[in-house]
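# Model the structure of this input:
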Amino acid sequence: MYLIAEHILTPKRGILNNYLLVIENGTIKQIRRRKSVEEKREAKEVQILIPGLVNSHTHLPMSLFRGTVEDFPLSEWLPKVWDIEKRLSRKDCYYGALLSLVECTRNGITTVCDMYFHEEEVAKAVQESGLRGFLSYGMIDLGMEDLREKELEETMKFLDYISGEKFDRIKATLGPHSPYTCSKELLLEVKRISKEKNLKIQMHISETEEEVMEVKEREGLRPVEYLEKIGFLSGEEILSHGVHLSEREISILSMRGSSVVHNPISNLKLSSGVAPISEMVERGVNLLLGTDSAVSNNSLDMFQEMKVSSLVMRSMGKTVPPERYFQMATSNAGKALGIKIGEVEVGYRADLVFLEKGPNLVPFEGYISLVYSANPSNIVGVMVDGEILFQEGEYLRIDAERILRKAERRYHDGIRSEEDKMG
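Coordinates of the predicted model:
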């Protein structure tokens, strides 16, 4: 396949104008200037081409109850969410995940990092969508041995499930929920499994001041300091939030090569605070971007995440260049996940997004336009592994209308009806 792009925005090489891409077997084989009229006849022409966006922290099934828990800080929000989650069936998680994946595809997200339960159903949904997924079963043991054994058993079952099926675009990861909900014994066992099976670890870290204080009261150390003390950190971790980090903790994360996922809109909505992004950039921490769930956001839109984070930093008198946010949503994620995605470069997977210049992108000023002006309405094509999944408003692999109908029916017949019964 040949692609000719008026503008290619790359995280590392800058902006390439009027270049041709050659894609073979799902991989970018060549990037060069167009040489002949024949190449132009054979090529698909696009106005703006970027690497596929990576949503590095989300909980896909939760879109099924988007908008049901509103206007609470995290400490009050979580119990209400957990009450709904107790009632979710495997099929609820499947259709909730599909609903999220319809949105992700439309929004130019080609890779998702998910943590939830009934994760086998999430894997089925991701496989059907054609997107790339790094999935984990979320573990919580609250210091209880019997619960710890159950959570580890569920994790091993999920790992076996992924390895035993033909999931060509899905990788299993490990998902201890957080230092304040997981015992030292569970964390160390997760670390052992990670090393033995070469698996990445997804975990929440320092999302609120309350959880930082809880860990400090229990262990005498802040969360990152505690993880460092027990030997948990090694660079395989993808730590979500990092809102309340001390200077010492930032130094530890930089030294260990751990990645931190910034979730600006979720953190603002749940009154969790603002992560020290400029400080982490200065210390060389590998920063990623995520939406968190649609219940705490309420969208799965990486363009919003880039813009909102940048504006919040500016309101605090701090500036992080727009190209840095683009890297957080693309190449930094590829680095954290250990896979060749997030770049438009020879040898990388052909996970690409095509945009058109609507009125919001004229004149086009590269990264400035992408971060501050672009939105999903500009997207005209989405490709994963060289397969076009979305083109000119049409989903080519999934039946989006059917998924929306099914999801809405499950919400009204299950979640909404239960809420109505409870008053």
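# what number of residues lie near the nearest residue to Tyr95 once chain neighbours are set aside?
Residue nearest to Tyr95 in three dimensions, not counting chain neighbours: Ala407, with 4.8 Å by CB to CB, 6 or more residues apart in numbering. Where C-beta positions appear, they are placed from N, C-alpha and C, glycine not excepted. For Ala407, the count of nearby residues is 22 (other CB atoms under 10 Å).
# And the helix or strand containing Ala407, what's buried?
Assigned by DSSP states H and E, Ala407 falls within helix 400-410. Neighbour-count burial for helix 400-410 flags 400, 403, 406-407, 410 (criterion: 16 or more other CB atoms under 10 Å).
# and if you look at stretch 345-362?
Of all the residues in stretch 345-362, those buried under the rule 16+ other CB under 10 Å are 348-355, 357, 361.
# The helix holding Ala407 packs against which elements?
Judged by 3 or more CB pairs under 8 Å, 6 or more residues apart in numbering; DSSP states H and E, helix 400-410 is in contact with helix 90-106.
# The helix it packs on versus helix 400-410: what angle between them?
Helix 90-106 and helix 400-410 are oriented at 140 degrees to each other (axes from the mean of the first three to the mean of the last three CA atoms, to 10 degrees).
# could you point out which element follows helix 90-106?
Using DSSP H and E, the first helix or strand after helix 90-106 is strand 109-116.
# pLDDT weak spots in the stretch 1-150 of the chain?
Along the stretch 1-150 of the chain, segments meeting pLDDT under 70 span 35-41.
# residue ranges of the helices in it, please?
37-42, 74-85, 90-106, 119-129, 145-164 (DSSP state H, counting those that start in this stretch).
# Check those for me and report the most buried one.
Greatest average neighbour count among those goes to helix 90-106 (a mean of 24), per mean count of other CB atoms under 10 Å.
# what distance separates that one from the middle of the whole chain?
14 Å (CA atoms, centre = their mean, to the nearest Å).
# cool, stretch 188-205 as well?
18 Å.
# Residues in contact with it: which ones?
For stretch 188-205, the external contacting residues (CB atoms under 8 Å, 6 or more residues apart in numbering) are 57, 113, 115, 134, 136, 139, 148, 152, 155, 159, 171-179, 182, 223-224, 227, 230-232, 234, 236-242, 260, 336-338.
# Whichever of those end up buried, select them in ChimeraX.
Selection of the buried residues among the contacts of stretch 188-205 in ChimeraX, burial being defined by 16+ other CB under 10 Å:
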select :57,113,115,134,136,139,148,152,155,159,171,172,173,174,175,176,177,178,179,182,223,224,227,232,236,237,238,239,240,241,242,260,336,337
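# among the contacts of stretch 188-205, which are in helices?
Residues of those located in helices (DSSP state H): 148, 152, 155, 159, 223-224, 227, 336-337.
# Closest one to Ser272 out of those residues, please.
Pro223 (13.9 Å; CB to CB).
# Let me see the contact set for the closest one.
178-180, 205-206, 211-212, 215, 249.
# Against Pro176, how distant is it?
Applying CB to CB, to the nearest Å, the value for Pro223 to Pro176 is 12 Å.
# for Arg416, same thing?
Taking CB to CB, one finds Arg416 at 32 Å from Pro176.
# do Phe158 as well
For Phe158, the distance to Pro176 - CB to CB - is 13 Å.
# Then Glu85?
Relative to Pro176, Glu85 is positioned 18 Å away (CB to CB).
# repeat for Leu159
Counting by CB to CB, the gap from Leu159 to Pro176 is 14 Å.
# in what helix or strand does Gln202 lie?
Gln202 belongs to strand 201-205 when assigned by DSSP H and E.
# following that strand, which helix or strand shows up next?
Defined by DSSP H and E, the subsequent element after strand 201-205 is helix 209-219.
# for that following helix, packing partners?
Counting by 3+ CB pairs under 8 Å, 6+ apart, helix 209-219 packs on helix 223-229.
# Need the mean per-residue confidence for the helix it packs on.
For helix 223-229, the mean per-residue pLDDT is 98.
# do stretch 397-415 as well
Stretch 397-415 comes out at a mean pLDDT of 94.
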